[in-house]
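Engineer: I would like to see how this sequence folds:
(chains A and B)
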2 protein chains.
Amino acid sequence: MRDAGDAPPGSLSVIPVTAIPPVQPGSDLSDLICAALLPANPGGPELCDGDVVVVTQKIVSKAEGRIVTIDTSDPLAKSKIVESESVRVLRRRRDLLITETRHGFICANAGVDLSNVDSGTAALLPVDPDRSARRLNSELKRRLGVTVGVVISDTFGRAWRNGVTDVAIGCAGVSAVLDLRGHDDAQGRTLTATQVCVVDEIASAAEIVMGKDRNIPVAIVRGVPRSWMGSGSVSDQVIRRPSDDLFR
Amino acid sequence: MRDAGDAPPGSLSVIPVTAIPPVQPGSDLSDLICAALLPANPGGPELCDGDVVVVTQKIVSKAEGRIVTIDTSDPLAKSKIVESESVRVLRRRRDLLITETRHGFICANAGVDLSNVDSGTAALLPVDPDRSARRLNSELKRRLGVTVGVVISDTFGRAWRNGVTDVAIGCAGVSAVLDLRGHDDAQGRTLTATQVCVVDEIASAAEIVMGKDRNIPVAIVRGVPRSWMGSGSVSDQVIRRPSDDLFR
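Structural biologist: Predicted coordinates for the structure are as follows:
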């Protein structure tokens, strides 16, 4: 098995998986991903132990049938869906709703997405993205014999900064937040700077090769430190509890 | 000149630059970086046209002399420095201040950092990180003949999500925010999802190889789409104007 390829020691590679066909409700994502990789696809990349497979929310939602029809004659149709996917509205400005989803994500329009889905339909977030990641992780292990991490990514806006970035909404086989408090330097680095959300960084790195306009839904991130691999959960580790949150 | 190395087409490489010596006030960063790269350092990586060089805020601040002494006998010493670096305090909880800096960044403790600096001192943010990036960009062009992007990165917390990630506080030679509105798909993707903060994604990708505990202050990101290269500014493109911001 090849390991980290020809990249210099300590470096990271982010490899797009380009041969994923359109995903339909009921599609088996592990089927589609395995078919795009070596050995099934001679021109595709290999998946190696220690790699992290990043998969966009959209194809996970499609495969899991999280697609609803929208009444295009109703100007409030999208808002109604957004509110039904939300437990709370934080801010509202014109068309834009910033809400808290049932998962606890704070994002625009509860993650409801009308792009790259059939006209008259919208894609909702997976019900339990960590579970989606765990399933894919197990299937890749079973089919290819590899121990990898899986990250389900989505595109979120942020407070205070323009532009969206990709973040993790689910993960398996990789730590979501790395706790470096045992590694503090002598001067006493503060707590806030020592818990690193590595799955968000991995999702962002993957977005660079996926591209919103290139429509590549899967990427392999190779060279992640081995100590990051293991169990992880976006729900448990990344979503900030309301009592700890200064911005709700 | 080598271009994107041996990585598969469309892939990204993130290469740590490990041979950077300790940086002192007055150090010339372009000197130190060039000395760590080919041809000056036979074991170091090469810098190629189209690469993006990511440099942590800390060594930029050190080189620019943005180091202040802290009266360690005064329990309020750090708070006083943070407030002097801030134009506004958004939130305060125990030791933690979330403030707006003169640049317009919203971050913990105005970016004032006591880790990996001499005891009794603190590092402040660069006065104008875009300018710092432009200077380094010009120097790398002059010395190595390469046209690259430069990103100055720092570690910020976020609202609603645990853990820090690296973001860009300055850039040059690379777009900060990519506007894909001309690339909308037929279903009409919304505005919020089509302006991508690519410099934050690049900073996050670089952090994966830099590591808070590995203390590597420079990385090369290779394989960024050529269309992203050109002029860019964090100050002009990334900092959200207060009138557009729903969370101040």
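
Engineer: residues touching A:Thr165, list them.
Structural biologist: A:155-156, A:158, A:200, A:204, A:207, B:196-197, B:200-201, B:204 (C-beta atoms under 8 Å, 6 or more residues apart in numbering or on different chains). In short, each C-beta sits where N, CA and C put it, glycine included.

Engineer: And the top helix by length along chain A, what's buried?
Structural biologist: In chain A, assigned by DSSP state H, the helix with the most residues is helix A:129-144. Residues A:129-137, A:139-140, A:144 are the ones in helix A:129-144 that count as buried (16 or more other C-beta atoms under 10 Å in any protein chain shown).

Engineer: domain ranges for chain A?
Structural biologist: A:13-59+A:126-238, A:67-125 (automatic domain parsing).

Engineer: With mean pLDDT and distance to B:Val151 as extra columns, can I get those in CSV?
Structural biologist: CSV is the format used below for these (pLDDT from 0 to 100; distance: least, C-beta to C-beta, whole Å):
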stretch, mean pLDDT, distance to B:Val151
domain A:13-59+A:126-238, 92, 12
domain A:67-125, 92, 25
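
Engineer: Look up which helix or strand the residue nearest in space to the middle of chain A falls in, please.
Structural biologist: What sits nearest the mean C-alpha location of chain A, by C-alpha atoms, centre = their mean, is A:Ser153, with 1.5 Å. Taking DSSP states H and E as the definition, one finds A:Ser153 inside strand A:149-156.

Engineer: right, and the pair among the contacts of A:Thr165 with maximum separation?
Structural biologist: The span of the contacts of A:Thr165, defined through C-beta to C-beta, is set by A:Asp200 and B:Val196 at 14.7 Å.

Engineer: What is the strand holding A:Ser153 packed up against?
Structural biologist: strand A:52-56, helix A:57-63, strand A:106-108, helix A:129-144, strand A:165-172, helix A:198-210 (3 or more C-beta pairs under 8 Å, 6 or more residues apart in numbering or on different chains; DSSP states H and E).

Engineer: quick check, the longest one touching chain B?
Structural biologist: No. In this structure, helix A:129-144 remains apart from chain B according to C-beta under 8 Å from any C-beta of the partner chain; the gap is never smaller than 13.9 Å.

Engineer: Figure out how far that helix is from the centre of its chain.
Structural biologist: How far helix A:129-144 lies from its chain's middle: 14 Å, per C-alpha atoms, centre = their mean, to the nearest Å.

Engineer: report the angle between the axes of that helix and helix A:198-210?
Structural biologist: For helix A:129-144 against helix A:198-210, the angle by axes from the mean of the first three to the mean of the last three C-alpha atoms, to 10 degrees is 70 degrees.

Engineer: follow-up on the earlier one: alpha carbons only: can I get the longest helix of chain A in CSV?
Structural biologist: Provided in CSV are the C-alpha atoms of helix A:129-144 (Å, rounded to 0.1, in the frame of the first residue of the first chain):
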residue,chain,number,x,y,z
PRO,A,129,-24.2,13.6,9.9
ASP,A,130,-21.8,11.8,12.4
ARG,A,131,-23.8,8.6,11.8
SER,A,132,-23.6,9.1,8.0
ALA,A,133,-19.8,9.4,8.4
ARG,A,134,-19.6,6.4,10.6
ARG,A,135,-21.5,4.3,8.1
LEU,A,136,-19.3,5.3,5.2
ASN,A,137,-16.2,4.7,7.3
SER,A,138,-17.3,1.1,8.1
GLU,A,139,-18.2,0.4,4.5
LEU,A,140,-14.8,1.7,3.2
LYS,A,141,-13.1,-0.5,5.8
ARG,A,142,-15.1,-3.5,4.8
ARG,A,143,-14.7,-3.1,1.0
LEU,A,144,-11.2,-1.8,0.7
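
Engineer: contacting residues around that helix?
Structural biologist: If you take C-beta under 8 Å, 6+ apart as the criterion, helix A:129-144 is touched by A:28-30, A:33-34, A:37, A:47, A:53, A:55, A:57, A:60, A:64, A:103, A:126, A:146-152, A:169-173, A:233-236.

Engineer: list the contacts for A:Thr56?
Structural biologist: For A:Thr56, the contact set (C-beta under 8 Å, 6+ apart) comprises A:152-154, A:210, A:217-218.

Engineer: quick revisit: A:Asp245 is nearest to which of the domains of chain A?
Structural biologist: Here domain A:67-125 is closest among those (C-beta to C-beta), at 8.7 Å.

Engineer: which non-adjacent residue is nearest the residue nearest to the centre of chain A?
Structural biologist: A:Ala203 (3.9 Å; C-beta to C-beta, 6 or more residues apart in numbering or on different chains).

Engineer: Ok, A:Leu124 next?
Structural biologist: A:Arg66 (4.3 Å).

Engineer: Was I right to think that neighbour contacts A:Ala122?
Structural biologist: No. Using C-beta atoms under 8 Å, A:Arg66 is not in contact with A:Ala122; the gap is 9.4 Å.
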